[in-house]
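**Student:** Need a 3D model of the following:
(chains A and B)
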Amino acid sequence: MAILEIQHVSKFFGGLAANSDVSFSMEEGMIMGLIGPNGAGKTTLFNCITGYYPPSKGDVFFKGRRMNGLQPDKVCKLGMVRTWQKVRPLGKLSVVDNVMVGALCRTNSLRVAREIAMEQIEVVHLSHKADFLAGGLPIGERKKLEVARVLATKPDLLLLDEVMGGLNPSESEEIIRLILDIKARGVSQMVIEHDMKTIMRISDRIVVLNSGEKLTEGSPDEVVQNQAVIDAYLGESHA
Amino acid sequence: MATTTTTSSSKAALVKLAIALLIVGSLFAVPRYVSSPYALHIMILIFLSTIMGESWNILGGYTGQYSVGHAAYFGVGAYTTVMLMQFRQVPPWIGVWAGIAAVLVVALIIGSICFRLRGPYFVLASIAVAEIMRLSATNLNSITKGAEGILATEIPVFKIGEHVVTDFLTKVPFYYIGLSLALITIAVTWGVQHSKLGYYFQAIREDQDAAHSLGINIPLYKNIGLAISATLTALAGSFYAIYVGFVDPTTVLSLDLSVQIVLVCIIGGIGTIYGPVVGAIALVPLSEALRSNVIAEGIFKTGFVDPASATGTFLKENLAHAHVLIYGILVVIVILFMPEGVLGFIRKLGSRMKKGKA
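**Tutor:** Residues are numbered from 1 along each chain as shown, chains lettered A, B, ... in the order given. Model (predicted):
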């Protein structure tokens, strides 16, 4: 069964179509790569899927349930949660408290939440920083914290918005391993990423957006050989 | 927020508990040994400021919604209690519940409207709402007696069965009520901080969008924060009204009062359990001292100025009137040099000294 199904989603800001008539579906357990040049509408699509914007047209189905108009907190409770391109640590709370906020989505007990939080911090290798204030972490660790925090909400589908942006190669490698590890645990993921090499490596399927429209969709090998994708990325005069 | 659970910190917690019990115990003993009504009056004002500060702190400090309209809740609580007592002979310990109910209704109406706004816009809306309340109280002459205010002529005697507990003729019963209410608000704050609510409130304060994406129902939790905060503020208002025995729009519904409530927290330390306590202990005696002529007398004692000289007369006549100005300057200095409040400043000093030792 498709865990996520997007049907003819459009989002207009005034006269500008940030997304227009985007449709695709995503199987459970897979990693779906979402790529496209700057301004292609990737983050807008995330916002439409997770309830930050209602889509202007079209429908979003998650686990067979129509999601349009649901607020982000409800979306999270149903098992779909996103990270932010620009990280949003809860600065004056410690690392473990940040992750506990995520965990409290599933429990009312602080003790249970703390246990879940410590587990997830362990998963992203931040245990040694558990009591540090989130606001003081370097960017690489903030990105990891972001991932730990969403994992603590026990999601079925994770939407990662450029979790590797601004990281050095070794930090990126760590995140890649983390994403594959999350996949191994059966959590579906949709990943926005700019680095083509990375996205080719981790994705089971890739959707390419350009100027708000879906350009193509397919396996990494198909996408990379698609002439329309090459044109969109390198300009039409190429080749 | 405490996150370490080592043995040394649990020992420290025991020491803290012991100190707290000692302080509370001695506070309860104070009226046995202190008979000066003025000293008790100052203590009662400190309790009152603590209650108001702690209440605001739950919404402003923890949830990050800087309301500068808390006088609305204070005033509605005060008016309801006094009006019921004066016009309907309802004793205040029953009237206060009506006050709280009225305030909750007001708060949830205000909340459902104002929480759509963020940051400075919310601040402005909260001020506007409080001003609406003040103007209503001033102009609804038939209900509130308008600007003239309502004088509570007699507080009924508090009896349990036939036994008279107190007749409210001295300051002592007010001292105990104030102290108990202050302890209750501190306990509520402690409870909030050590529960899911505290985590959700602080998450909303730190980043509302991130909080929303993590499953937090933003309007619901903001309104819970407001409801707790407004209830406790209504308690403070009712207590004040019975203690002073008089309410009018310019004292219990004024913008001054709203600002005063916020200041207690800013000076003490926003978003901490004991910040408002520290703020109240700092601000109440300060404003009382400035209002009386302590400063002028202090200057005369140093011998720089002769009280009989022209300058001396000038100081004597004007310094007390300048109390608002001096108070304001001091507040600005504290905010400039102790951005995290007196409590935050002391903690920073403490941790610096610890580092120095190690």
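**Student:** Quick one: mean pLDDT for stretch B:282-293?
**Tutor:** The predicted model assigns stretch B:282-293 a mean pLDDT of 82.
**Student:** which parts of the stretch 101-250 of chain B sit against chain A?
**Tutor:** For the stretch 101-250 of chain B, the contact set with chain A under Cβ under 8 Å from any Cβ of the partner chain comprises B:194-196, B:199-200, B:202-203, B:205-207, B:209-218. C-beta: built from backbone N, CA, C; applies to glycine.
**Student:** Which positions in chain A make contact with chain B?
**Tutor:** Within chain A, the positions adjacent to chain B are A:50, A:52, A:71-74, A:76-77, A:81-82, A:84, A:88-94, A:96-97, A:100-102, A:104-105, A:108, A:110, A:113, A:130-131, A:149-150, A:153 by Cβ under 8 Å from any Cβ.
**Student:** circling back: whichever of the residues of the stretch 101-250 of chain B next to chain A end up buried, select them in PyMOL.
**Tutor:** Command for PyMOL that selects the buried part of those, burial taken from 16 or more other Cβ atoms under 10 Å in any protein chain shown:
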select buried, chain B and resi 196+199+200+202+203+205+206+207+210+211+212+213+214+215+216+217+218
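**Student:** Output the contacting helices and strands for the particular helix or strand that has residue B:48 in it.
**Tutor:** For residue B:48, the host element (DSSP states H and E) is helix B:37-57. In terms of contact count using 3 or more Cβ pairs under 8 Å, 6 or more residues apart in numbering or on different chains; DSSP states H and E, helix B:37-57 is assigned the packing partners helix B:7-33, helix B:172-193, helix B:218-244, helix B:255-268, helix B:275-291.
**Student:** Out of the ones you listed, which gets nearest to residue B:334?
**Tutor:** helix B:255-268 (5.5 Å; Cβ to Cβ).
**Student:** and the closest one with helix B:218-244, angle?
**Tutor:** Per axes from the mean of the first three to the mean of the last three Cα atoms, to 10 degrees, the angle that helix B:255-268 makes with helix B:218-244 is 110 degrees.
**Student:** So which bits of helix B:255-268 are buried?
**Tutor:** Buried, per 16+ other Cβ under 10 Å, within helix B:255-268: B:257-258, B:260-268.
**Student:** got a list of what residue A:116 touches?
**Tutor:** A:99-100, A:103, A:106-107, A:152, A:154 (Cβ atoms under 8 Å, 6 or more residues apart in numbering or on different chains).
**Student:** So which of these wins on neighbours?
**Tutor:** residue A:99 (34 neighbours; other Cβ atoms under 10 Å in any protein chain shown).
**Student:** Phi and psi next, for residue A:190.
**Tutor:** phi -110, psi 130 (degrees, to the nearest 10).
**Student:** count of neighbours near it?
**Tutor:** Quick note: residue A:190 (other Cβ under 10 Å) scores 26 neighbours.
**Student:** List the contacts of it.
**Tutor:** A:4, A:26, A:31-34, A:46, A:157-160 are the contacts of residue A:190 under Cβ under 8 Å, 6+ apart.
**Student:** Quick check: residue B:61 touching residue B:268?
**Tutor:** No: using Cβ atoms under 8 Å, residue B:61 is not in contact with residue B:268, being 9.6 Å away.
**Student:** ok, back up a step: for the record, mean pLDDT for the helix holding residue B:48?
**Tutor:** 94.
**Student:** what's the answer for stretch A:126-137, then?
**Tutor:** On average, stretch A:126-137 scores 92.
**Student:** Three-state assignment for residue B:64, please.
**Tutor:** coil (DSSP: H, G, I helix; E, B strand; the rest coil).
**Student:** Spatially nearest residue to it, not counting backbone neighbours?
**Tutor:** Spatially, and ignoring its direct neighbours in sequence, residue B:64 is nearest to residue B:205 (2.8 Å; Cβ to Cβ, 6 or more residues apart in numbering or on different chains).
**Student:** pretty sure the one you found belongs to a helix, no?
**Tutor:** Yes: judged by three-state DSSP, residue B:205 forms part of a helix.
**Student:** is it true that it touches residue B:62?
**Tutor:** Yes: the criterion here is Cβ under 8 Å, and residue B:205 meets it with residue B:62 at 6.5 Å.
**Student:** list residues touching both of the two?
**Tutor:** The contact lists of residue B:205 and residue B:62 share residue B:271, where a contact means Cβ under 8 Å, 6+ apart.
**Student:** Any idea how many residues pack against the closest residue in space to residue B:107 that isn't next to it in sequence?
**Tutor:** Of all residues not flanking residue B:107 in the chain, residue B:230 sits nearest, at 3.7 Å (Cβ to Cβ, 6+ apart). A count of nearby residues for residue B:230, using other Cβ under 10 Å, gives 32.
**Student:** For residue B:230, give me the pLDDT.
**Tutor:** Note on residue B:230: pLDDT of 95.
**Student:** State the distance from it to residue B:182.
**Tutor:** 17 Å (Cβ to Cβ, to the nearest Å).
**Student:** Residue A:80 now?
**Tutor:** The spacing between residue A:80 and residue B:182, counted by Cβ to Cβ, is 45 Å.
**Student:** sorry, back to before: any chance of the helices and strands packed on helix B:37-57 in TSV, plus distance to residue B:165?
**Tutor:** Shown next, in TSV, are the helices and strands packed on helix B:37-57 (distance: least, Cβ to Cβ, whole Å):
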stretch	distance to residue B:165
helix B:7-33	15
helix B:172-193	8
helix B:218-244	15
helix B:255-268	30
helix B:275-291	27
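**Student:** quick check, distance from stretch B:100-116 to the centre of its chain.
**Tutor:** Put simply, stretch B:100-116 sits 19 Å off its chain's centre (Cα atoms, centre = their mean, to the nearest Å).
**Student:** Which positions within it qualify as buried?
**Tutor:** Result for stretch B:100-116 [16+ other Cβ under 10 Å]: buried residues B:100, B:102-104, B:106-107, B:110-111, B:114-115.
**Student:** Restricted to helices, list those.
**Tutor:** Of the buried residues of stretch B:100-116, the ones assigned to helices by DSSP state H are B:100, B:102-104, B:106-107, B:110-111, B:114.
**Student:** Tabulate these in TSV, adding columns for pLDDT.
**Tutor:** Supplementary listing: those in TSV, determined by pLDDT from 0 to 100:
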residue	pLDDT
B:100	94
B:102	94
B:103	94
B:104	95
B:106	92
B:107	92
B:110	88
B:111	90
B:114	89
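**Student:** From these, pick the one nearest chain A.
**Tutor:** Lowest distance from chain A to those (Cβ to the nearest Cβ) belongs to residue B:111, with 17.0 Å.
**Student:** Surely the closest one touches residue B:224?
**Tutor:** No: using Cβ under 8 Å, residue B:111 is not in contact with residue B:224; the gap is 9.4 Å.
**Student:** List of residues touching the one helix or strand residue B:132 maps to?
**Tutor:** Assigned by DSSP H and E, residue B:132 belongs to helix B:119-139. The contact list for helix B:119-139 (Cβ under 8 Å, 6+ apart) reads B:65-72, B:75-76, B:79, B:106, B:110, B:113-115, B:117, B:144, B:146-147, B:249-250, B:253-255, B:258.
**Student:** For the longest helix along chain A, what does the pLDDT average out to?
**Tutor:** In chain A, with assignment by DSSP H, the single longest helix is helix A:169-184. Taken as a whole, helix A:169-184 has a mean pLDDT of 91.
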